[in-house]
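Chemist: Predicted model, plus sequence, below.
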Amino acid sequence: MEKVTQNAALEQITAITNVRIFDGDQIIAPRHIVIKGESIISVGGDIPADATIIDGENANLIPGLIDAHVHTSIGGLRDALKFGVTTELEMNGDFTKRGREIQLKNVNDVADVRSAGTAITAPGGHPDELLPDGDEIPAFVLKELEKLSEEDREAMLAAYAHDHEEIPQVTTVEEAIKHVHTQVENGADYIKIMIEEGTVMGAPGLPILSDEILKTAVTEAHKFDKLVIAHVLTALSSQAAIDFGVDGLGHLFIDRPEYTSELVKSIADSGVFVTPCLVLNSSIIGNPALELANDPRVHSKLSPDWIDILNSSFNTFPQGNMENSFKNVMDLHRAGVDILVGTDVAPVPVPNLGGLAHGASVHHEMQLLVKAGFTPIEALQSATSKPARCFGLHDRGRITEGARADLILVNGDPTTNISDTLSIKSVWFNGSQQLG
């Protein structure tokens, strides 16, 4: 009986009609799509006679959103989906292919996820300064575990145990090569390197691996056809990452030195993408996400713990200012660099990592991109088609025939008012309607 039901679901045909469609690149003329099972089978064209009709009532249909920089958990993936974020890209954590098989077995109500596995960093280097000391599971993790079902709790404990096994030390070229091999064997979808000396994080003097070790790690990852993303928060570390041959910068430099124009040209000429995480830069300089936290479209979907986190901030570099970040991201954008939406949100609500929350912060990031100077359509592209293309996720990020049916139906018009992305009527994930 279960097999029959599953097959029936795969054959289910649904037409979403009377909608204005942003396909990931632009507004298109067709006013309906047809879904069969998990995929979009047509955009416009004839509607099959046996299709279930969902009237969009002239709302806007956009692709499921992609957060190109997170640190996540089962709870985080659930929250993401509530906000139409159908894919999260983890930049240091457990959700490699191996981790997904352990943690997400029989878990269906969460966003899709890809992962770098454990990032390459120096002993005692970033992100150690952000983590609690000792081997015991910290109180904030235990608190989060209490909210989960028994099955989810066991999966998260297993993942936590795996994540906190002794992490292989990287101090030599040979160890860097071995580390890359280990991540690939675990099913890492890409590789992450850390270049962070700590000033911006309120911990100056953090150890960093040598240029030779980092360049070797990049070269080794490329032998496995893996993208390499670098954690960088300053102009100096950004140029170093470009020199090492990375494929993407996982942050936007928060300073704006005199040689910024030369750096922008270097980044553009290299062909890398940049995930600026403006929401993080804003938090780092001391800005809590108060307006977002108080928005009823957000407040109603998040736990009180996450609302508290949105109402706080990192505040590790209060001498910074957002105007520099806005100018930096616009310089890169005008130079033709692919800008991707990402948030760097933590897996669980952590008091010192404020201003960010799963799902909600993707919408905030798009708002900040528009504030910097992006058009709403450009901001939407940065959360849909661009991250899908840059990470080789060719089955998503666009509303087109053959794509995954990851979709959001929203009231208003986000192509002219980006805040309307939060006015969610319904979400489809892999063809299954989650909300609405």
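Modeler: Perfect, I can see it now.

Chemist: Next, the distance between the ends of stretch 27-36.
Modeler: End-to-end distance for stretch 27-36, by Cα to Cα, to the nearest Å: 23 Å.

Chemist: so how far is it from its chain's centroid?
Modeler: 26 Å (Cα atoms, centre = their mean, to the nearest Å).

Chemist: Quick one: residues in contact with that stretch.
Modeler: Stretch 27-36 is contacted by residues 11-22, 40-45, 47-48, 51, 56, 61, 377, 399, 405, 407, 415, 428, 431 when judged by Cβ atoms under 8 Å, 6 or more residues apart in numbering. For every residue, glycine as well, the C-beta is placed using N, CA and C.

Chemist: list the buried ones in it?
Modeler: Within stretch 27-36, the residues scored as buried using 16 or more other Cβ atoms under 10 Å are R31, H32, I33, V34, I35, K36.

Chemist: Which is the succeeding secondary structure element to the helix or strand hosting the fifth one?
Modeler: I35 is part of strand 33-36 when elements are defined by DSSP states H and E. The first helix or strand that comes after strand 33-36 along the chain, using DSSP H and E, is strand 39-43.

Chemist: T416 and A379 touch, don't they?
Modeler: No - here T416 does not reach A379: they are 11.5 Å apart, not a contact under Cβ atoms under 8 Å.

Chemist: Compare neighbour counts for these two and give me the winner.
Modeler: In this view T416 and A379 are compared by other Cβ atoms under 10 Å, and A379 has more residues nearby, 25 against 10.

Chemist: before we move on, the earlier item: reformat the buried residues of stretch 27-36 into CSV and put distance to P387 next to each item.
Modeler: Formatted as CSV, the buried residues of stretch 27-36 follow (distance: Cβ to Cβ, whole Å):
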residue, distance to P387
R31, 27
H32, 26
I33, 21
V34, 25
I35, 22
K36, 25
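
Chemist: could you dump those residues to TSV with pLDDT and distance to A240?
Modeler: TSV is the format used below for the buried residues of stretch 27-36 (pLDDT from 0 to 100; distance: Cβ to Cβ, whole Å):
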residue	pLDDT	distance to A240
R31	96	49
H32	98	50
I33	98	45
V34	98	49
I35	98	46
K36	97	48
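
Chemist: what's the closest of these to R78?
Modeler: Relative to R78, the closest of the buried residues of stretch 27-36 is I35; by Cβ to Cβ it sits at 22.5 Å.

Chemist: do you know how far that closest one is from L380?
Modeler: 21 Å (Cβ to Cβ, to the nearest Å).

Chemist: give the contact list for I424.
Modeler: F83, G84, R297, I408, L409, V410, L435.

Chemist: Flag whichever of the residues you listed scores worst on pLDDT.
Modeler: Within those, L435 has the lowest pLDDT, namely 72.

Chemist: can you tell me which residues contact the closest residue to that residue other than its chain neighbours?
Modeler: Distances taken as Cβ to Cβ, 6 or more residues apart in numbering place V427 nearest to L435, at 4.6 Å, with adjacent residues excluded. V427 sits next to G64, L81, K82, G84, T86, L407, I408, L409, Q433, Q434, L435, G436 when contact means Cβ under 8 Å, 6+ apart.

Chemist: all helices for the stretch 51-200 of the chain, in order.
Modeler: Using DSSP state H, counting those that start in this stretch, the helices of the stretch 51-200 of the chain run over 74-82, 97-103, 139-146, 150-163, 173-185.

Chemist: Considering these, which stretch scores lowest in mean pLDDT?
Modeler: Sorting the helices of the stretch 51-200 of the chain by mean pLDDT places helix 150-163 lowest, at a mean of 55.

Chemist: on that earlier part again, within the sheet, what are the partner strands of the host helix or strand of the residue nearest to L435, with directions?
Modeler: Assigned by DSSP H and E, V427 falls within strand 424-429. Its sheet considered, strand 424-429 pairs with strand 407-410 (antiparallel), strand 432-435 (antiparallel) by DSSP bridges.

Chemist: In the contacts of I424, find the pair that's most separated.
Modeler: Pairwise over the contacts of I424, using Cβ to Cβ, the maximum falls at R297 and L409, 14.0 Å.

Chemist: If you count surrounding residues, which of these two has more?
Modeler: It is L409, of R297 and L409, that has more neighbours when counted by other Cβ under 10 Å, with 23 against 16.

Chemist: partners of the more buried one in the sheet?
Modeler: L61, S426.

Chemist: Quickly note the distance from it to T17.
Modeler: Counting by Cβ to Cβ, the separation of L409 from T17 is 11 Å.

Chemist: Give the full set of residues in contact with the residue nearest to the spatial centre of the chain.
Modeler: Geometric centre of the chain, nearest residue: D67, 2.4 Å, by Cα atoms, centre = their mean. Contacts for D67 were tallied using Cβ under 8 Å, 6+ apart; they are 80, 85, 87-89, 341-343, 345, 358-359, 361-362, 383.

Chemist: Surely F253 forms part of a helix?
Modeler: No - going by DSSP: H, G, I helix; E, B strand; the rest coil, the assignment for F253 is coil, not a helix.

Chemist: which ones are touching it?
Modeler: Contact analysis of F253 by Cβ under 8 Å, 6+ apart lists V232, L233, T234, A235, S237, S238, L263, N328.

Chemist: Please identify which helix or strand holds the last one.
Modeler: Going back to what we said before, that points to N328. Here N328, judged by DSSP H and E, is contained in helix 322-334.

Chemist: Output the contacting helices and strands for that helix.
Modeler: In terms of contacts (3 or more Cβ pairs under 8 Å, 6 or more residues apart in numbering; DSSP states H and E), helix 322-334 is packed against helix 260-270, helix 278-284, helix 360-372.

Chemist: list the buried ones in stretch 354-369?
Modeler: Neighbour-count burial for stretch 354-369 flags 354-369 (criterion: 16+ other Cβ under 10 Å).

Chemist: swap in stretch 176-192?
Modeler: Within stretch 176-192, the residues scored as buried using 16+ other Cβ under 10 Å are 176-177, 179-180, 183-184, 186-192.
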